[in-house]
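> I'll drop the sequence and a predicted model, then ask my questions.
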Amino acid sequence: MAQALTLARPYARAAFGAARADQQLASWSACLAFAAQAALDPQIVALHGDPRVTPGQLQALHLPPDAASGGAFARFLVVLAEAGRLNLLPFIRDEFDALLRDAEATLEVSVTSAQALDEAAQARLNEALARRYGRRIQLNLRQDPALLAGVMLEVEGEVIDGSMRGRLQRLAGALAHGN
């Protein structure tokens, strides 16, 4: 996976540069999402490396129906197809989206809570995180009743555990070590 990410990064940067120059960041993001999904389809994956399938045909399978066949994104797909790199599209999409979040000064935060957070709680959490990190926040919410109460946040690889389960585990650890 690390090698795929290393290979994908220059393509993502090139795609981002082209999209930014054309002021089409949202459009490219949507096109990359479609193409990445196609690149994961087992029937399409089976066609990669098949000598009977041309790069143009592979490109067409990854091109969103509403994208121009002669447009910049289509040409980008041709470059990937000719280089045999269409399999990198999921990694390219992830890197592109990370560049997009950075450009928009948006931070993606995964929030796991024991119960669903109401809109007021989401707004308070969003505001507190925006103050702490100095960026716009995009909350990705999910529920896990095993947390018992509270929330667990993941921000840029950092985990902030404010759950009851986490507190109980820390207390048990402290008691076990005589602290």
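On my side now, so go ahead. Residues are numbered from 1 along each chain as shown.

> from now on I want contacts and neighbour counts done on CA atoms only, so please keep to that.
Noted.

> list the buried ones in the longest helix along the chain?
Taking DSSP state H as the criterion, the chain has its longest helix at helix 2-21. Neighbour counts over helix 2-21 (16 or more other Cα atoms under 10 Å) mark 5, 8, 9, 11, 12, 15, 16, 18, 19 as buried.

> contacts for it next, please.
The contact list for helix 2-21 (Cα atoms under 8 Å, 6 or more residues apart in numbering) reads 25, 28, 72, 76, 88-89, 91-93, 95-96, 99-100.

> from those residues, list just the buried residues.
Neighbour-count burial (16+ other Cα under 10 Å) is assigned, among the contacts of helix 2-21, to 25, 28, 72, 88, 89, 91, 92, 93, 95, 96, 99, 100.

> so what's the backbone phi/psi at the fourth one?
Note on residue 88: its backbone torsions stand at phi -80, psi 0 [degrees, to the nearest 10].

> hmm, who's touching stretch 74-84?
15, 48, 49, 55, 56, 58, 59, 62, 63, 67, 68, 86.

> kindly apply the preceding question to stretch 43-50 instead.
With Cα under 8 Å, 6+ apart, stretch 43-50 has contacts from 38, 39, 53, 58, 61, 84, 87.

> how about the nearest residue to residue 96, chain neighbours excluded?
Counting by Cα to Cα, 6 or more residues apart in numbering, residue 96 lies nearest to residue 12, which is 5.1 Å off, once chain neighbours are set aside.

> tell me the mean pLDDT over the host helix or strand of residue 34?
Per DSSP states H and E: residue 34 is located in helix 25-40. Here helix 25-40 scores 92 as its mean pLDDT.

> now for it, which elements pack on it?
helix 2-21, helix 55-62, helix 89-103 (3 or more Cα pairs under 8 Å, 6 or more residues apart in numbering; DSSP states H and E).

> how big is the angle separating the second one from helix 89-103?
Same thing as helix 55-62. Here helix 55-62 runs at an angle of 60 degrees relative to helix 89-103 (axes from the mean of the first three to the mean of the last three Cα atoms, to 10 degrees).
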